[in-house]
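*Asks:* Have a look at this prediction, sequence included:
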Amino acid sequence: MEKYVSSMTCADFIVSTPDYFRYNPADEFITPEQIEEIAANTKASLSGTGYAVRKPAYLWMTEDALRQDYARYESAEQLDSHMSRLEHRGNMVMGDTRIEALDNSLFDKLQVFDGDISPMLEPDNNAIAIAVSLDDYGNLRNPEYYPKVGDTITVTYADDVKYIDSRTGELTEVTPEEYFQEKLYGARDVEYTVCALVNLPNSMSYRYSGFGYDVVLSVDTAQRDSGGAAIPMLYLFDTADEVDEAEAEQYLSKLTAGEFSPLMYESKATARSEFAQFRQMFLLIGGILCAIIGLVGLLNFFNAMMTGILSRRREFAVLQAVGMTNRQLKTMLIYEGLFYAMSSVAVAFILSLAVGPLAGKMLGSMFWFFEYRFTILPVLLTIPVFLLLGWLIPCMMYDNAAKCSVVEQLRDAQ
């Protein structure tokens with residue numbers, strides 16, 4: 001469960017506006033006043049704010065890297081046409097970017113794949129971290145796509161962006177796509193040094209992606225370079241213990257109650273609840289399937305034992321005719337039944353050892369949060385059931401046969 005919860009949320013609580021959680025663009029999210037109110041009414045062991053840079057910003061990247069982004073959605077001809085409309089500087093092209101700024105306390109939430117984020121904590125730094133994309137199993141996708149630690153990259157900030165017709169150079173809103181071109185007003189270049197490649201948890205990011213790189217700056221650096229355009233986007237905090245977590249959960253549920261509440265929140269408690277519902281669905285479906293398979297297995301076991309005893313009625317009658325007592329015959333049948341029962345349990349145990357890891361690997365490839373763990377409990381639970389059947393079936397069959405004499409049994413067997 002913790003693997004699922006840690007992937008769904010990186011903190012005990014994340015608070016913002018409905019626009020943030022619903023991926024809607026907005027000029028304002030959670031306000032500093034709201035953050036102060038939440039901080040005053042909760043006990044946090046770690047807290048901080050994530051900021052969105054609300055200013056046009058572009059990051060200069062290699063054309064090959066940007067082509068990789070667009071190649072998934074455009075044909076070769078469309079891609080060439082698109083690249084020709086973008087501004088170039090040598091082999092570098094101006095691509096989109098999403099800049100998120102963090103309070104220093106939140107850098108502990110980043111997973112560093114390469115480099116060191118400590119330069120971002122220094123005052124007046126020009127360090128930047130590149131947020132990388134991971135698959136569901138935490139593996140870095142296409143590491144060649146990203147710049148290297150130590151590289152210098154340029155971000156262009158602009159006060160405004162307009163679209164012009166590349167044929168006329170005039171502002172336009174309606175023109176064929178191949179002639180659309182961006183014109184930046186008040187553009188200013190800032191050079192940064194890549195200090196690290198990091199995993200920025202989705203739960204504390206913009207929660208959407210696009211073309212170009214996602215990058216992380218310290219809030220002081222972002223405010224300095226964007227001209228104060230970094231606005232609070234989310235507030236997150238952890239609590240020290242379960243008591244503080246429960247109190248914060250109760251407070252936030254009241255604060256965000258109502259359909260038109262200006263705030264929403266996510267918590268580990270809600271993630272645990274989602275996982276519990278998901279697990280309950282699997283337990284229900286799996287339980288029904290196991291019950292059906294188990295019932296079929298028990299019926300087959302019952303049928304095999306009963307058929308074996310009925311087919312040997314003449315043998316049993318002959319044994320009694322030559323001197324075997326009823327008690328000896330009944331004991332022999334019970335031992336045979338118990339042998340069949342324990343043999344079935346042993347085969348089930350061996351099959352569990354052999355098939356379990358294969359099934360676990362298959363489910364692990366389907367559900368990234370699934371972890372296989374062998375348990376012998378189901379096999380142990382079947383032992384009393386099969387032992388009971390191994391004893392009960394021979395007794396029932398013997399008692400039914402004992403109602404007839406040996407002569408009658410021989411006659412019936414013929």
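*Replies:* Yep, it's here. Keep in mind that what you see is a predicted model, and the values were worked out from it rather than measured.

*Asks:* Low-confidence bits of the protein, can you list those?
*Replies:* 1-7, 136, 364-370, 400-414 (pLDDT under 70).

*Asks:* what are the ranges of the strands in it?
*Replies:* 13-16, 46-53, 57-62, 88-89, 92-102, 111-115, 127-131, 152-157, 160-165, 180-185, 188-199, 213-218, 230-238, 264-267 (DSSP state E).

*Asks:* which residues touch Ile293?
*Replies:* Contacts for Ile293 (Cβ atoms under 8 Å, 6 or more residues apart in numbering) come out as none. For glycine as for every other residue, the C-beta is placed from the backbone atoms N, C-alpha and C.

*Asks:* Pop out the phi and psi values for the closest residue to Asp19 other than its chain neighbours.
*Replies:* Spatial nearest neighbour of Asp19, excluding adjacent residues (Cβ to Cβ, 6 or more residues apart in numbering): Ala26 at 4.1 Å. Main-chain torsions, Ala26, degrees, to the nearest 10: phi -150, psi 150.

*Asks:* got a list of what Ala26 touches?
*Replies:* Contacts of Ala26 (Cβ under 8 Å, 6+ apart): 17, 19-20.

*Asks:* Nearest to Pro394 among those residues?
*Replies:* Each of the contacts of Ala26 was scored against Pro394 by Cβ to Cβ, and Tyr20 proved nearest at 69.0 Å.

*Asks:* That closest one reaches Ser205, doesn't it?
*Replies:* No - contact criterion Cβ atoms under 8 Å: Tyr20 and Ser205 do not qualify, at 10.5 Å.

*Asks:* Report whether the expected contact of Phe386 with Phe339 is present.
*Replies:* No - applying Cβ under 8 Å as the test, Phe386 and Phe339 come out as separate, 10.9 Å apart.

*Asks:* So between these two, which is more surrounded?
*Replies:* It is Phe386, of Phe386 and Phe339, that has more neighbours when counted by other Cβ atoms under 10 Å, with 21 against 11.

*Asks:* That one and Ala354, how far apart?
*Replies:* 20 Å (Cβ to Cβ, to the nearest Å).

*Asks:* Now distance to Lys361 and neighbour count too, for the contacts of Ala26, in CSV please.
*Replies:* Output for the contacts of Ala26, formatted as CSV (distance: Cβ to Cβ, whole Å; neighbours: other Cβ atoms under 10 Å):
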residue, distance to Lys361, neighbour count
Thr17, 42, 20
Asp19, 41, 16
Tyr20, 38, 21
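
*Asks:* mind listing which of the residues you listed are in helices?
*Replies:* Here DSSP state H is the test, and those give 19-20 as lying in helices.

*Asks:* got the contact list for Gly138?
*Replies:* Asn199.

*Asks:* just Ser205 next, same as before
*Replies:* 50, 100, 131, 214.

*Asks:* Save these as CSV, and put in distance to Phe282 too.
*Replies:* Putting these into CSV (distance: Cβ to Cβ, whole Å) gives the following:
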residue, distance to Phe282
Gly50, 34
Glu100, 35
Ala131, 33
Asp214, 34
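
*Asks:* Which of those residues sits closest to Gln68?
*Replies:* Asp214 (14.7 Å).

*Asks:* Counting neighbours, what do you get for that closest one?
*Replies:* 21.

*Asks:* Also the one 5 residues further on?
*Replies:* As a burial measure, the neighbour count of Val219 was computed by other Cβ under 10 Å and equals 20.

*Asks:* Quick check, it in contact with Ile231.
*Replies:* No - at 10.6 Å, Val219 does not count as touching Ile231 under the criterion of Cβ under 8 Å.

*Asks:* okay, and the common contacts of these two?
*Replies:* Tyr51.

*Asks:* wait, what's in contact with Tyr213?
*Replies:* 59, 61, 95, 97, 130-131, 146-147.
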